[in-house]
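**Q** Kindly generate the corresponding structure for this input.
(one chain, ligands or ions: 1)
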Amino acid sequence: MRVEHTSLADVLLFRPSPHRDERGFFTRTFDAEVVASAGLDPAAFVQDSQSRSAHGTLRGLHGRNGAGEAKLVRCAHGAILDVIVDARPDSPTFGQHQAFRLDDEDFCLLYVPRGFLHGFQVLSGVADICYRIDRPHDPAEDLSVRHDDADLAIGWPLPAGILSPRDRSAGSWRDLLAGDVRG
Ligand SMILES: Cc1cn([C@H]2C[C@H](O)[C@@H](COP(=O)(O)OP(=O)(O)O[C@H]3O[C@@H](C)C(=O)[C@@H](O)[C@H]3O)O2)c(=O)[nH]c1=O
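**A** Take a look at the predicted model:
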């Protein structure tokens, strides 16, 4: 598993080497040694989750209040466009976003540090997303920003499919900066 830096400060991409044969494939989905070599604490990841979504579904943009949360995101089945926004005011890449294709061909893991917004859109018929977070989920700390916020101007590849009620009523990036955004 290789570690790659990205154009956003502190964001890393872990690229495994899947083994393929006539049965299918075998791939590593987490490697504590590699994670530690990248300066992260592998033992910090305390909760694993998985979600399944249909083509075009958009989840996000989600962040977390309080102490925040860091996560490792991967696509176990299908393909997504994963987008993260640096919402850390003291970061050199504050306000910038980057999109990553995550799929079941490369099996890359995206490391999203605390202080980022995160969302994704499903490119395949269906996609399963798995992520590990470094603090147990607390719905009281959820915050959301509109996926189609005009200031962020994220170029989503497809028309927005299914959105959750929470995502439909999300606030703006400006609301977030003004400290006026809820989950
Ligand atoms: C995120 C989460 C949700 N839930 C529950 C709450 C709710 O009843 C149901 C669905 O939750 P949501 O609608 O918030 O799920 P979803 O919209 O998939 O939320 C996720 O979106 C992506 C983009 C992220 O970055 C994740 O951190 C998370 O915020 O699952 C948990 O029990 N634990 C969790 O960690």
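
**Q** what about the residue of the chain found nearest the ligand, neighbour count?
**A** As assessed by CB to the nearest ligand atom, the ligand sits closest to residue 137 within the chain, at 3.1 Å. In this view, the C-beta of every residue, glycine as well, is placed from N, C-alpha and C. Neighbouring residues of residue 137 were enumerated by other CB atoms under 10 Å; the total is 12.

**Q** Could you number the chain from 30 rather than 1 from now on?
**A** Understood, numbering begins at 30; the last thing we discussed is residue 166.

**Q** Grab the nearest non-local neighbour of residue 129.
**A** Leaving out its chain neighbours, the residue that sits closest to residue 129 by CB to CB, 6 or more residues apart in numbering is residue 111, at 4.8 Å.

**Q** how about residue 205, secondary structure?
**A** helix (DSSP: H, G, I helix; E, B strand; the rest coil).

**Q** so who does residue 71 touch?
**A** With contact set as CB atoms under 8 Å, 6 or more residues apart in numbering, residue 71 has these partners: 59, 61, 62, 64, 65.

**Q** Whichever of the residues you listed end up buried, select them in PyMOL.
**A** Buried residues within the contacts of residue 71, by 16 or more other CB atoms under 10 Å, are selected in PyMOL with:
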select buried, resi 59+64
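
**Q** between the contacts of residue 71, which is nearest residue 84?
**A** residue 59 (27.3 Å; CB to CB).

**Q** Does the closest one touch residue 140 like I think?
**A** No: Residue 59 is beyond contact range of residue 140, at 11.2 Å (criterion: CB atoms under 8 Å).
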